[in-house]
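Peer 1: here's a sequence, model it:
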Amino acid sequence: VEGSRAWIVVLGSFCLHFVILGNLYASGLFVPEYEEKFNLTRAKASLIIQLQAGMKFTMGFIAGKITDRYGINAVLPLG
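Peer 2: Below you'll find the predicted structure:
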């Protein structure tokens, strides 16, 4: 049985995934707000959401490759 530190890591991972994926899956709720606040068409407001989602997945892939090559200590300072 793992120690309490392992369960803290599991809890932290759950919280991060909850926030990040919750933001991603609820992003359609922000489209009307973008349309109104920035005077955008629905297509342009949706483009903002798609770019955000694309950046999340693209940066995850890049960070994974850097982590595999240089280790976690090289990636953590980058955020």
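Peer 1: ok, now how distant is Leu21 from Lys56?
Peer 2: Computed as Cβ to Cβ, to the nearest Å, the Leu21 to Lys56 distance reads 9 Å. To be clear about C-beta, it is placed using only N, CA and C from the backbone, and glycine gets the same treatment.
Peer 1: name the helix or strand of the chain that has the lowest mean pLDDT.
Peer 2: Confidence across the helices and strands of the chain bottoms out at helix 72-75, with a mean of 87, counting by mean pLDDT, DSSP states H and E.
Peer 1: what residues does that helix touch?
Peer 2: Residues from elsewhere that reach helix 72-75, judged by Cβ atoms under 8 Å, 6 or more residues apart in numbering: Ala63, Ile66, Thr67.
Peer 1: repeat for stretch 59-71
Peer 2: Identification of contacts with stretch 59-71 by Cβ under 8 Å, 6+ apart yields Ala74, Val75, Leu78.
Peer 1: what's around the second one, how many residues?
Peer 2: Using other Cβ atoms under 10 Å, Val75 has 17 neighbouring residues.
Peer 1: make 233 the starting number, not 1.
Peer 2: With the count now opening at 233, the last piece we talked about shows up as Val307.
Peer 1: give the buried residues for the helix or strand hosting Met287.
Peer 2: Take DSSP states H and E as the rule and Met287 turns out to sit in helix 274-302. Along helix 274-302, the positions that meet the burial threshold by neighbour count (16 or more other Cβ atoms under 10 Å) are Ala277, Ser278, Ile281.
Peer 1: would a markdown table of these with pLDDT be doable?
Peer 2: Shown next, in a markdown table, are the buried residues of helix 274-302 (pLDDT from 0 to 100):
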| residue | pLDDT |
| --- | --- |
| Ala277 | 92 |
| Ser278 | 91 |
| Ile281 | 88 |
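Peer 1: for Gly260, which non-adjacent residue is closest in space?
Peer 2: Ile281 (7.0 Å; Cβ to Cβ, 6 or more residues apart in numbering).
Peer 1: do the same with Leu310
Peer 2: The shortest distance from Leu310 to any non-neighbouring residue, by Cβ to Cβ, 6+ apart, is to Ala295 (7.7 Å).
Peer 1: now do the contacts for Phe262.
Peer 2: Phe262 neighbours (Cβ under 8 Å, 6+ apart): Ala277, Ile281.
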